[in-house]
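Q: Could you look at this predicted model? Sequence included:
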Amino acid sequence: MSKSIYPENYHSDLNLHDTQVAIKTVKDFFQRALTERLNLLRVTAPLFVEPSSGLNDNLNGVERPVSFDIRGIKGENAEIVHSLAKWKRYALKKYGFSYGEGLYTDMNAIRRDEETDNIHSIYVDQWDWEKIISKEDRNVDTLKQVVQEVYQALKKTEKYMAIEYDYIEEILPKNIFFITSQELEDMYPDCPPKEREYKITKLKGAVFIMQIGDKLKSGIPHDGRAPDYDDWSLNGDIIVYYPVLDIALELSSMGIRVDENSLKKQLERAGCPERAELPFQKAILNKELPYTIGGGIGQSRICMFYLRKAHIGEVQASIWPKDMREVCRQHNIFLL
């Protein structure tokens, strides 16, 4: 509750029924724009995986997955996915995708340790996408090019929503600004990472912060990343300034995935070299999986952004603390 924001004199321009219509409009349009730009095919994806597969996303390394037993399978529980970051790369090979082709899916997850507020929920819904590249494509130029494609899909969607709904004005800048996490720390050395993000996004409007996961000169990473999917030197977050809440709002996390060399190095740095023995990680080390780039784009986050809502619970049905629901109601924020 302490992190929640209640904008003064807030009211939604859409009632609950019209909000549902608008959510579908946003999702249908953006999904189409993204898949056309990145050459993606929709596939079916799992809601849960076996822990021993090594396919679940460890996120920042401290979040507890939701696990449960299955009557017909003895000896091992299943885990609700945190994301599909690793599964997608495995699926590209299994489903027979070729160079330049990619997949996307609706990813639904439960993050039980999430601290809920205006932009965080225990229920996560996002588009997870992954695309095959070559080893030679594993560079900053490729990363920036794909970020530009994703950003143009975001821009195109905002333009469409501004045409469809009179109250929506275009606020995304023409171009997204690129900066590394170390350059950002150098720019604001006395600020913690989240405050740095706020300052740079308010200044530039839309930013891609690169190289997240490894320690900076200060000895502290900009943010946590699991060591076995993103290459920490070739990843980043798309973050935009959101005036409704006066915050930096992350819409997407993405990156070029680890190869055999960066995986080994990052497992050592993260203090978990034993994960190299898990099936997924072993397949990367043995060069059995394609080189890829991929990411996740928050569905409720972008709906909240485009519809100018004050709380993610206005566009997503989830469970919220009773006191949060009541305080939101007092501020004309009606959670689903």
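A: Noted; the coordinates are in hand.
Q: The helix or strand of the chain with the lowest mean pLDDT pairs with which strands, and in what direction?
A: Ranked by mean pLDDT, DSSP states H and E, the weakest helix or strand in the chain is strand 73-80, scoring a mean of 84. Using DSSP bridges, the strands paired with strand 73-80 are strand 48-49 (antiparallel), strand 67-70 (antiparallel).
Q: Let's have those strands in TSV, adding mean neighbour count, mean pLDDT and distance to residue 36.
A: Quick note: C-beta positions are derived from backbone N, CA and C, even for glycine. Converted to TSV, the strands paired with strand 73-80 look like this (neighbours: other CB atoms under 10 Å; pLDDT from 0 to 100; distance: least, CB to CB, whole Å):
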stretch	mean neighbour count	mean pLDDT	distance to residue 36
strand 48-49	20	86	30
strand 67-70	11	86	38
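Q: Turn these into CSV, columns for distance to residue 267.
A: Converted to CSV, the strands paired with strand 73-80 look like this (distance: least, CB to CB, whole Å):
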stretch, distance to residue 267
strand 48-49, 20
strand 67-70, 23
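Q: And these: which comes nearest residue 281?
A: Of all the strands paired with strand 73-80, it is strand 48-49 that lies closest to residue 281, at 14.1 Å by CB to CB.
Q: List of residues touching the closest one?
A: 55-56, 68, 78-81, 87 (CB atoms under 8 Å, 6 or more residues apart in numbering).
Q: and the nearest residue to residue 332 once chain neighbours are set aside, how many neighbours?
A: Among residues not flanking residue 332 along the chain, residue 11 sits closest, at 4.8 Å (CB to CB, 6 or more residues apart in numbering). Neighbour count of residue 11, defined by other CB atoms under 10 Å: 9.
Q: how close does residue 11 sit to residue 300?
A: With distances taken as CB to CB, to the nearest Å, residue 11 is found 20 Å from residue 300.
Q: got the residue ranges for the strands in the stretch 51-200 of the chain?
A: Ranges of strands in the stretch 51-200 of the chain, per DSSP state E, counting those that start in this stretch, are 67-70, 73-80, 102-110, 123-132, 177-180.
Q: Given the longest one, what are its sheet partners and their directions?
A: Strands that pair with strand 123-132, judged by DSSP bridges, come out as strand 102-110 (antiparallel), strand 292-298 (antiparallel).
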